[in-house]
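Participant: Build me a structure from this.
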Amino acid sequence: MYSFLFRHLQTILLWVITHLSPALSISQIGQSEDFQAIAKFNYDALEQRIHFGEFGYYQNKTFHVDALLLYKEGVMYKINRHNKTCTRKELKSSFHPLKVPHNATLLGQVVLGSMSHHGESLLVNSWAGEIPEHKAKYLLTFTKLGCIPVSCLYNSPKTGGITISFFNNIVGIVDPNVFIPPPYCTTATLEEGSNDFFSIF
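Facilitator: Residues are numbered from 1 along each chain as shown. Here you go, the predicted structure:
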């Protein structure tokens, strides 16, 4: 099964982060009425590469996705590490830098937790906006210091309401090896790709 989060929420992630290091390691949990998923997202803007791993339940079935997108090389790998198999496709779409949408509106700042004692609070900024091509609305929350993503509420006719929580975020790449395809992937036949970013999944 293709990645539910990646396919429908990559639109959000493409705009979620701003004023951060060009390299990020992000963990996230997402859920809606008929799915739950946990994902690890590694992003390297300088080398234009993304690694995405996800495990979840959708319509009472489990799924797992392990994808590596190398934009400078123009190739995408869908990896099955258990079976040591790989699908290799042309990656014709352009690399999308992560940033807050230009038309997002800053709603204001709030404090998460308690201001009663030092260390019990987190100051966050909330942004709202729309993605017209998907008829979607979103509410994004980031920390005031560092602009680290905290949560995202997303709603569209296609996906319904989805809540995403970000955790264990790290500025930088913890393991650069996630961007190196396994040896068995290099021999996989290169399949034709598409110019449409979202069609690759």
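
Participant: Can you read off the backbone torsions of Asn169?
Facilitator: Here the main-chain torsion angles of Asn169 (degrees, to the nearest 10) amount to phi -70, psi 140.

Participant: repeat for Pro157
Facilitator: Dihedral angles (degrees, to the nearest 10) for Pro157: phi -60, psi -30.

Participant: How about the one 10 residues further on?
Facilitator: Per-residue torsions, Phe167: phi -150, psi 160 (degrees, to the nearest 10).

Participant: Counting neighbours, what do you get for it?
Facilitator: A count of nearby residues for Phe167, using other Cβ atoms under 10 Å, gives 12. Every C-beta, even on glycine, is put in place using the N, C-alpha and C of the backbone.

Participant: Please apply the same query to the one 5 residues further on.
Facilitator: Applying other Cβ under 10 Å, we find 11 residues neighbouring Gly172.

Participant: do Val171 as well
Facilitator: Burial of Val171 is recorded as 13 neighbouring residues (other Cβ under 10 Å).

Participant: Gly193 now?
Facilitator: 17.

Participant: do you know how far it is from Trp127?
Facilitator: Gly193 is 33 Å from Trp127, where distance means Cβ to Cβ, to the nearest Å.

Participant: ditto for Ala67
Facilitator: 27 Å.

Participant: Show me where the chain dips below the pLDDT cut-off.
Facilitator: 1-31, 33, 96-100, 194-201 (pLDDT under 70).

Participant: where along it do the strands fall?
Facilitator: Using DSSP state E, the strands of the chain run over 23-31, 35-44, 49-58, 61-70, 75-80, 85-90, 105-113, 121-131, 136-143, 149-156, 160-171, 190-191.

Participant: can you list those in CSV and add distance to Pro182?
Facilitator: Listed next are the strands of the chain as CSV, based on distance: least, Cβ to Cβ, whole Å:
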stretch, distance to Pro182
strand 23-31, 20
strand 35-44, 16
strand 49-58, 12
strand 61-70, 9
strand 75-80, 6
strand 85-90, 7
strand 105-113, 40
strand 121-131, 34
strand 136-143, 34
strand 149-156, 29
strand 160-171, 23
strand 190-191, 16
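
Participant: closest to Pro183 out of those?
Facilitator: strand 85-90 (9.7 Å; Cβ to Cβ).

Participant: and that closest one with strand 61-70, angle?
Facilitator: 50 degrees (axes from the mean of the first three to the mean of the last three Cα atoms, to 10 degrees).

Participant: Thanks a lot, catch you later.
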